[in-house]
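Colleague: I need the structure of the sequence given here:
(2 chains)
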Protein chains: 2
Amino acid sequence: MNKTVFQQIVKSILESNSIMIFPHVIPDGDTIGCASALKRAFTKIGKKAQVIDEKDIPDYLKFLTQDYEDWEEFQQDQPDLCIAVDCSDLGRLGERKDFFLTGKRTVNIDHHPTNTCFADLNYIDDKASATGEIIFDLLKGLNIQFDPFIAEAIYSAISTDTGSFKYTNTSTKSHLVAAELIDMGVDLNEVSVELYQNTRLEKIRLEAEVLETLEIICDGKVASAYATEDMLKKTGATMNETEGFIELLRNIQGVEVAIFFKETQTKEIKIGFRAKQYADVSKIAMKFGGGGHVKAAGCTINDSLDQAKKLTYQATEEMFRKLQE
Amino acid sequence: MNKTVFQQIVKSILESNSIMIFPHVIPDGDTIGCASALKRAFTKIGKKAQVIDEKDIPDYLKFLTQDYEDWEEFQQDQPDLCIAVDCSDLGRLGERKDFFLTGKRTVNIDHHPTNTCFADLNYIDDKASATGEIIFDLLKGLNIQFDPFIAEAIYSAISTDTGSFKYTNTSTKSHLVAAELIDMGVDLNEVSVELYQNTRLEKIRLEAEVLETLEIICDGKVASAYATEDMLKKTGATMNETEGFIELLRNIQGVEVAIFFKETQTKEIKIGFRAKQYADVSKIAMKFGGGGHVKAAGCTINDSLDQAKKLTYQATEEMFRKLQE
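Modeller: The predicted structure is shown next:
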């Protein structure tokens, strides 16, 4: 928390006329919630504000992006201010990186501890459960009146990034901000229906296929399952829609490590790992050239699915053996 | 909210020595969270406090019930105070009803609008998202110092009864109380692992079977699935473990009504209905002698599964036809 930078960002916004807001690639609820709240808020105080998105908004977030515009033409004029939200590095802006850097001033607002501070003004608070919490403070610092849309956008940011207040990043502040946002007019039915009751039928059909592949090993401490290109063809789902399946495995009673295999091409298996309480799955992922965090990691094995299973099971069993020593 | 009753309950607790706390049958997180918080809190201020439970605590709540004792012997002495938590009527106490009524004084603390006010002192607040919110206020009214266990018990009550802050009963106050409880030492990792990462493997296997039965009708507006006794035998799951499956169906994009069939015996089909936004499923359930709320209702049809599907599909289609008129 750096009050000087915060005040400089407030000043930059007030001094700017055209402001471009950049969410990250493969957007999630936090980055879109922040971008939508900022666009609405800046417009309210007379700025020309646009969201420069990758045009790949997932269905469950479309209720927040109705007023996003085609932005190609805006690239002609140099914007006064470009703001990246929830982006830990410039790579998270994908093809839009160069446009971002054309801003007379650039701002980077984020909560990832690994943020590379790539802008002129960088406000990074890794204590924030979501970048949405920082945007909440920023709009208050700007004395902008919240309306129900802004409140819902920020509520969505915090709700999705905390797994609906279940993940351990959920803090006292997450709940205090959520309380204030509900007071400001969040329609919780709308938000819940859009964010959490919006599963594509194809994804449910894929889930049924994937659950058929469930394997339990290591005396019940490890659960695994997989998705293949054939399953995608059969169900019409996309590989991105396997998101969340690994948590279903980890949520099984007694399971400490969940492993999920995605057969993206012949001989290219992408593998995700999750730990529940005490295991460090980043160590398993690193054995195969991958990495990640203690409780969430991943790697790629260029071999058959069977071989990928064999190798990762061995590594996982070895990890549990070492833990028992 | 009745301040006089609230103060009378506070006074009754302070004046009592032995206090018996009654959760409801088929206990959920709210009733157990409240009971566990009260037992701990009353013990802290020197009372003889016991939870009189049905001895059917589900696994995901056992982290809150470690200090529950065998209570048969306590039935000998007339307790000074008996408190029912989260029970809308005496029937919710099951076999323990008579024991409850032996209390020199009886107290009923609840948030269900249908509460029948069956005790000497009845404190019912249907604005509370969970009875846990009321217990939070009660312990403050008693000037009892919260410890992390009490905080986790009440947090669990509110978290489970609001679907982890997703249901529309979630209020400003739910979040404000949650914020304060986290400050008081809730271990969110422990609470989340116990409450939400504790699915029996048998239930996951049943889910795979059930998802195979998924049907989409009425131009995608209705999703249905079923569970049979045969599936329970095959997977080792219980019929109670179908809880939550109907929400999976309702959460499908475009689905307004979800229908779930439980073939509990030959020719006894229990049917659940859920609506997402605008349909009133209580009307469908009532056609078959059932009932419930606008968005959650149920009925029983004493016929074959095929016949039950046919009848409810017809009634649902008719409802949609009428909505379009």
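
Colleague: Tell me the strands beside the worst-scoring helix or strand of chain A on mean pLDDT, with direction?
Modeller: Between all helices and strands in chain A, the lowest mean by mean pLDDT, DSSP states H and E belongs to strand A:291-292, at a mean of 90. Strand A:291-292 pairs in its sheet with strand A:296-301 (antiparallel), by DSSP bridges.

Colleague: Show the subsequent helix or strand relative to the strand it pairs with.
Modeller: Downstream of strand A:296-301, the first helix or strand assigned by DSSP states H and E is helix A:305-324.

Colleague: which residues are in contact with that following helix?
Modeller: If you take Cβ atoms under 8 Å, 6 or more residues apart in numbering or on different chains as the criterion, helix A:305-324 is touched by A:217-218, A:221-222, A:224, A:226, A:228, A:256-257, A:259, A:261, A:263, A:269, A:271, A:273, A:278-280, A:283-284, A:287-288, A:301, A:303. Any C-beta I mention is one placed from the backbone N, CA and C, and that applies to glycine too.

Colleague: Now it: average pLDDT?
Modeller: In this model, helix A:305-324 has a mean pLDDT of 96.

Colleague: Show me which residues of stretch A:146-166 are buried.
Modeller: Using 16 or more other Cβ atoms under 10 Å in any protein chain shown as the test for burial, stretch A:146-166 gives A:146, A:149-166.

Colleague: Tell me how chain A divides into domains.
Modeller: Chain A breaks down into these domains under automatic domain parsing: A:3-196, A:201-324.

Colleague: can you put these in JSON lines and add distance to B:Phe42?
Modeller: Shown next, in JSON lines, are these (distance: least, Cβ to Cβ, whole Å):
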{"stretch": "domain A:3-196", "distance to B:Phe42": "27"}
{"stretch": "domain A:201-324", "distance to B:Phe42": "31"}
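
Colleague: Which of these has the highest mean neighbour count?
Modeller: Among the domains of chain A, ranked by average contacts under mean count of other Cβ atoms under 10 Å in any protein chain shown, first place goes to domain A:3-196 (a mean of 20).

Colleague: sorry, back to before: so which of the contacts of helix A:305-324 sit within helices?
Modeller: If you go by DSSP state H, those have A:Lys283, A:Ile284, A:Lys287 in helices.

Colleague: Go through the residues you listed and say which is closest to B:Pro58.
Modeller: Distance to B:Pro58 across the ones in helices among the contacts of helix A:305-324 (Cβ to Cβ) is lowest for A:Ile284, with 32.1 Å.

Colleague: OK, contacts around the closest one?
Modeller: Taking Cβ under 8 Å, 6+ apart, one finds A:Val257, A:Phe273, A:Ala297, A:Cys299, A:Thr312, A:Ala315, A:Thr316, A:Met319 in contact with A:Ile284.

Colleague: And the third one, what's its pLDDT?
Modeller: So the one you mean is A:Ala297. As summarised for this prediction, A:Ala297 has a pLDDT of 95.

Colleague: Now it: closest residue in space that isn't a chain neighbour?
Modeller: Spatial nearest neighbour of A:Ala297, chain neighbours left out: A:Ala285 (3.7 Å); criterion: Cβ to Cβ, 6 or more residues apart in numbering or on different chains.

Colleague: Contacts only, for that neighbour.
Modeller: With Cβ under 8 Å, 6+ apart, A:Ala285 has these contacts: A:Ile271, A:Phe273, A:Gly291, A:Gly292, A:Ala297, A:Gly298, A:Cys299.

Colleague: out of these, who's nearest chain B?
Modeller: Set against chain B, the nearest of the contacts of A:Ala285 by Cβ to the nearest Cβ is A:Phe273 (15.3 Å).

Colleague: and the residue of the stretch 1-150 of chain A found nearest chain B, what is it in contact with?
Modeller: For the stretch 1-150 of chain A and chain B, the shortest gap (Cβ to the nearest Cβ) falls at A:Asp59, measuring 6.7 Å. Taking Cβ under 8 Å, 6+ apart, we find A:Asp59 in contact with A:Asn198, A:Arg200, B:Gln253.

Colleague: Ok, A:Pro27 next?
Modeller: Contacts of A:Pro27 (Cβ under 8 Å, 6+ apart): A:Asp53, A:Glu54, A:Asp56, A:Ile57, A:Pro58, A:Leu61.

Colleague: please redo it, this time with the cut-off set to 10 Å
Modeller: By Cβ atoms under 10 Å, 6 or more residues apart in numbering or on different chains, A:Pro27 lies in contact with A:Gly33, A:Ala35, A:Asp53, A:Glu54, A:Asp56, A:Ile57, A:Pro58, A:Leu61, A:Thr65, A:Asp86, A:Arg92.

Colleague: State whether it is indeed within a strand.
Modeller: No. Counting by DSSP: H, G, I helix; E, B strand; the rest coil, one finds A:Pro27 to be coil, located in no strand.

Colleague: re the thing from before, can you put the contacts of A:Ala285 in JSON lines and add distance to A:Asp77?
Modeller: Formatted as JSON lines, those follow (distance: Cβ to Cβ, whole Å):
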{"residue": "A:Ile271", "distance to A:Asp77": "45"}
{"residue": "A:Phe273", "distance to A:Asp77": "46"}
{"residue": "A:Gly291", "distance to A:Asp77": "41"}
{"residue": "A:Gly292", "distance to A:Asp77": "41"}
{"residue": "A:Ala297", "distance to A:Asp77": "43"}
{"residue": "A:Gly298", "distance to A:Asp77": "41"}
{"residue": "A:Cys299", "distance to A:Asp77": "44"}
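
Colleague: what's the farthest-apart pair in those residues?
Modeller: Farthest-apart pair in the contacts of A:Ala285 is A:Ile271 and A:Gly291; separation 12.0 Å (Cβ to Cβ).

Colleague: okay, and the common contacts of these two?
Modeller: Common neighbours of A:Ile271 and A:Gly291, using Cβ under 10 Å, 6+ apart, are A:Ala285, A:Ala297, A:Gly298, A:Cys299.

Colleague: Identify the farthest-apart pair in those.
Modeller: Largest separation among those by Cβ to Cβ: A:Ala297 and A:Cys299, giving 7.3 Å.

Colleague: how much space between A:Cys117 and A:Ala84?
Modeller: Noted for A:Cys117: a distance of 11 Å to A:Ala84, by Cβ to Cβ, to the nearest Å.

Colleague: Mind listing the shared neighbours of those two?
Modeller: Common neighbours of A:Cys117 and A:Ala84 (criterion: Cβ under 10 Å, 6+ apart): A:Asn108, A:Asp110.

Colleague: follow-up on the earlier one: please enumerate the shared neighbours of A:Ala297 and A:Cys299.
Modeller: Here A:Ala297 and A:Cys299 have A:Ile271, A:Gly272, A:Phe273, A:Val281, A:Ser282, A:Ile284, A:Ala285, A:Met286, A:Gly290, A:Gly291 as joint contacts, going by Cβ under 10 Å, 6+ apart.

Colleague: how about the residues you listed in JSON lines, adding distance to B:Glu247?
Modeller: Converted to JSON lines, the shared contacts of A:Ala297 and A:Cys299 look like this (distance: Cβ to Cβ, whole Å):
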{"residue": "A:Ile271", "distance to B:Glu247": "30"}
{"residue": "A:Gly272", "distance to B:Glu247": "25"}
{"residue": "A:Phe273", "distance to B:Glu247": "28"}
{"residue": "A:Val281", "distance to B:Glu247": "29"}
{"residue": "A:Ser282", "distance to B:Glu247": "33"}
{"residue": "A:Ile284", "distance to B:Glu247": "33"}
{"residue": "A:Ala285", "distance to B:Glu247": "33"}
{"residue": "A:Met286", "distance to B:Glu247": "38"}
{"residue": "A:Gly290", "distance to B:Glu247": "34"}
{"residue": "A:Gly291", "distance to B:Glu247": "35"}
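
Colleague: and of those, the nearest to A:Arg40?
Modeller: Checking the shared contacts of A:Ala297 and A:Cys299 against A:Arg40 with Cβ to Cβ, the nearest one is A:Gly272 at 35.0 Å.
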